[in-house]
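Chemist: structure for this input, please:
(one chain, ligands or ions: 1)
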Amino acid sequence: MRTIDQFNFCNQKVIIRVDFNVPIDKNTVTDTSRIEAAKQTIDKICSDGGSCILVSHLGRPNGFQDELSMKKIIDSVEKVLDKKVLLSNDVIGEDSILKASSLKPREVLLLENVRFHKEETEGDLNFAKQLSQLGDCYVNDAFGTAHRAHASTTIISKFFTNKFFGKLLEKEVLAIKKVMSSGQKPVLAILGGAKISSKIPILKNIIKIVDDIIIGGGMSFTFSKALGGNIGKSICEDSMIDICRDILKSAEKNNVKIHLPLDAICSLDFDNNSSSEVFDIMNIGDDYQGMDAGPNTLKSFEKVILKSKTILWNGPVGVFEFPNFSNGTKALGKYISESTDKGAFSLVGGGDSVAAVKAFGIQNNMSYVSTGGGAMLESLEGKTLPGINALLS
Ligand code: AMP
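Modeler: The predicted model follows:
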């Protein structure tokens, strides 16, 4: 892995693929964490005396769309980077060529939204080549799009011998490696969320790696049903029942202990204010649906979490968006915080668990909170991401 710390960028024009796909509400950027995440890379290159040409997408435009122009975020970028940032009104056109060619050391240029060109998502070779000609070397620091073989994330690498992992990408890769191949034992994976079908490839991969797996949230009810339980109206994917049985068998064969919920807080309706009751996980009332982890479940999960030395967390163990059913996910975050405090390495990855730790204000208690949703899931499935592969070849 060639990282930016291994190179001096003095007088180099560096194309940096960043992920500035930030949320915007009424013309205001509501969360700048993605911009903050790229700051270290930009600072290092500028302090070497290099200049930065930032390439990012914003949203999913269909051709040019003014509301997804980088104009919308330039003030936030300048504020976070604490410096003047030039903006070009195209990606590979006259304005970019002119501004890139006249960039001075330590200056930063942000190109217009790269997805205004359909060639970006098509991974077009010629588009990637034209983009590459704006700079002398390439840095990928966009973990969130590293699972896409797009022109600016993957294909562009072909045109550089000097290509590097940015600081954020490096941190993400090391965190995943720590869990997937060099984690201190016992290694625990906590999987939650609504649907088991979306987590099957991850389960199949981590069963070869971890010592314990906690399965919680909506996806656990398909397992309860596979074991003969009455799950009432809880969320369930009947087509996955046989696969759940196979996973339980495979875990036994691999000496992996799967921890399923023992009880659940259940409600009559999928509503924050619906009246609730605790049921044994194998015997939920016919009119009820499981909404959150029950008290016995939390006690059993707590024990496993506190004895683990490496912890991966993906997915909430209840409908945490409803305050009345967020207790289980909150408690889990607390146990992981405690375990991390005692020296365990904890990685939180995947959209909803990241949203949960942020909502509960405990992101700083975790060893690492990933910035990539889909990219993290594909890494946990054991895939090598195209954006990362391209930097290595
Ligand atoms: P996923 O995207 O598969 O990680 O699922 C995250 C979603 O799972 C969140 O929106 C949670 O509200 C939802 N979820 C967690 N537990 C349950 C449950 N018991 N019933 C329904 N949805 C759930």
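
Chemist: before we move on, which element is residue 352 in?
Modeler: According to DSSP states H and E, residue 352 maps onto helix 351-359.

Chemist: now look at that helix and say if it contacts the ligand.
Modeler: Yes. Using CB under 6 Å from any ligand atom, helix 351-359 reaches the ligand at residue 352. (Each C-beta comes from the backbone N, C-alpha and C, glycine too.)

Chemist: now the end-to-end length of stretch 46-60.
Modeler: Between the opening and closing residues of stretch 46-60 lies a distance of 30 Å (CA to CA, to the nearest Å).

Chemist: make 724 the first number, not 1, from now on.
Modeler: From this message on, residue numbering opens at 724, which makes the last subject stretch 769-783.

Chemist: that stretch - what's its average pLDDT?
Modeler: Here stretch 769-783 scores 97 as its mean pLDDT.

Chemist: over to stretch 825-842?
Modeler: Stretch 825-842 shows a mean pLDDT of 98.

Chemist: need the CA coordinates for it. CSV is fine.
Modeler: Taking Å, rounded to 0.1, in the frame of the first residue of the first chain, the C-alpha atoms of stretch 825-842 are listed here in CSV:
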residue,chain,number,x,y,z
SER,A,825,-2.1,27.9,-13.5
LEU,A,826,-2.4,26.4,-9.9
LYS,A,827,0.4,27.5,-7.7
PRO,A,828,1.9,25.5,-4.8
ARG,A,829,-0.5,25.1,-1.8
GLU,A,830,-3.5,26.2,-3.9
VAL,A,831,-6.6,24.1,-4.0
LEU,A,832,-9.0,23.8,-6.9
LEU,A,833,-12.4,22.0,-6.7
LEU,A,834,-13.8,20.8,-10.0
GLU,A,835,-17.5,20.8,-10.8
ASN,A,836,-19.6,17.7,-9.9
VAL,A,837,-17.9,14.8,-11.7
ARG,A,838,-21.2,13.0,-12.1
PHE,A,839,-22.5,15.7,-14.4
HIS,A,840,-20.8,13.5,-17.0
LYS,A,841,-22.4,10.1,-17.5
GLU,A,842,-18.9,8.9,-18.5
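
Chemist: quick one: neighbours of residue 745, just the number.
Modeler: Neighbourhood size, residue 745 [other CB atoms under 10 Å]: 19.

Chemist: how about the one 4 residues further on?
Modeler: Around residue 749 sit 5 other residues, with neighbours defined as other CB under 10 Å.

Chemist: quick one, grab the pLDDT at it.
Modeler: 86.

Chemist: now residue 1074
Modeler: The predicted local confidence for residue 1074 is 68.

Chemist: before we move on, what about residue 904?
Modeler: You'll see residue 904 listed with a pLDDT of 88.

Chemist: do residue 1054 as well
Modeler: 98.

Chemist: ok, and the closest non-adjacent residue to it?
Modeler: The spatial neighbour of residue 1054 that comes closest, neighbours along the chain excluded (CB to CB, 6 or more residues apart in numbering), is residue 1021 at 5.1 Å.

Chemist: pretty sure that neighbour sits against residue 1053.
Modeler: No. Residue 1021 lies out of contact with residue 1053 (CB atoms under 8 Å); the separation is 10.1 Å.

Chemist: neighbour count: those two, which is higher?
Modeler: Shown here are residue 1021 and residue 1053; by other CB under 10 Å, residue 1021 has more neighbours (23 against 19).

Chemist: which of the three states applies to the more buried one?
Modeler: Of the three states, residue 1021 takes helix under DSSP: H, G, I helix; E, B strand; the rest coil.

Chemist: again with residue 912
Modeler: From three-state DSSP, the assignment for residue 912 is strand.

Chemist: quick check: it touching residue 938?
Modeler: No. Assessed by CB under 8 Å, residue 912 is found out of contact with residue 938, at 9.2 Å.

Chemist: which non-adjacent residue is nearest whichever residue of the chain sits closest to the ligand?
Modeler: For the chain, the nearest residue to the ligand under the criterion CB to the nearest ligand atom is residue 916, separated by 2.5 Å. Take residue 916 and drop its neighbours on the chain: the residue closest to it by CB to CB, 6+ apart is residue 1038, 3.3 Å away.

Chemist: may I have the phi/psi pair for that neighbour?
Modeler: The phi and psi values for residue 1038, taken as degrees, to the nearest 10, are phi 100, psi 140.

Chemist: against residue 1108, how distant is residue 1080?
Modeler: For residue 1080, the distance to residue 1108 equals 23 Å [CB to CB, to the nearest Å].

Chemist: next up, the contacts around residue 942.
Modeler: Residue 942 makes contacts with 914-919, 922, 1038, as judged by CB atoms under 8 Å, 6 or more residues apart in numbering.

Chemist: same deal with residue 784?
Modeler: By CB under 8 Å, 6+ apart, residue 784 lies in contact with 791, 836, 838-839.

Chemist: doesn't it belong to a strand?
Modeler: No. According to three-state DSSP, residue 784 belongs to no strand; its state is coil.

Chemist: what about the residue nearest to it when sequence neighbours are not counted, neighbour count?
Modeler: The shortest distance from residue 784 to any non-neighbouring residue, by CB to CB, 6+ apart, is to residue 791 (4.6 Å). Look at residue 791: counted by other CB under 10 Å, it has 21 neighbours.

Chemist: check the one 10 residues further on too.
Modeler: Residues lying near residue 801 (other CB under 10 Å) number 16.

Chemist: ranges for the helices of the stretch 724-873 of the chain?
Modeler: For the stretch 724-873 of the chain, helices defined by DSSP state H, counting those that start in this stretch occupy the ranges 756-771, 797-804, 817-824, 841-845, 848-855.
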